[in-house]
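Structure of the sequence below:
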Amino acid sequence: MPCSRGPYLSVFRRNVKFNEMTRQGLKDKEGYDALITLIDMVSRESNPQALLDILTYVLYRFIDIRGWLINSLVIIGVRGRRIFQDKMISHLSDKSVPKALKVAWNEEIERITSI
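Down below sits the predicted model:
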C-alpha cells in the first residue's frame, strides 16, 4: 500500500480517467497500479462481507475521506454535488448492495460532514 495519500488526492482533485496516459503523468506508478488493482478487485467482488471489509479498509486506511470529500464537493459546485448525490443514492439503492454497507456509508458521511 502507498505510504502517502498526496499523489492520490491530487489525481482525484482533477477530472481524471484511469488509463495509461494518466499513469504516465504520475511519479508513483506503483501506487497508481495498486489503486487500479483495488478498483478491479472491488468491482469483481461478489461476497458482500468481503466487499464491506475491503471498502471499510479503504475508507479508514487508504485516503483521508473527509478532506477529499469536502475539497471535491466544494470544487464541483452545486450541480456537481447534485449529480454526486443522485449517483450515490442510485448506487446505494441497488438491491445487491449489502445493508451493512449502506448503514456504514451513511454513518461515515454523517461523521465526516458534522462539525
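
I'd assumed F18 was in contact with I39.
Yes - between I39 and F18 there is a contact at 7.0 Å, judged by Cβ atoms under 8 Å. From N, CA and C alone the C-beta is placed, and that goes for glycine too.

Quick check: can you list the domain ranges of this structure?
Domain ranges of the chain: 1-44, 48-115, per automatic domain parsing.

Need these in TSV (columns: mean pLDDT).
Below are the domains of the chain laid out as TSV (pLDDT from 0 to 100):
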stretch	mean pLDDT
domain 1-44	72
domain 48-115	77
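
For this structure, which segments count as helices?
6-12, 20-24, 29-44, 48-57, 65-93, 99-113 (DSSP state H).

and the last one with helix 48-57, angle?
Looking back up the chat, that one is helix 99-113. 10 degrees (axes from the mean of the first three to the mean of the last three Cα atoms, to 10 degrees).

Quick one: list the elements packing against helix 99-113.
In terms of contacts (3 or more Cβ pairs under 8 Å, 6 or more residues apart in numbering; DSSP states H and E), helix 99-113 is packed against helix 48-57, helix 65-93.
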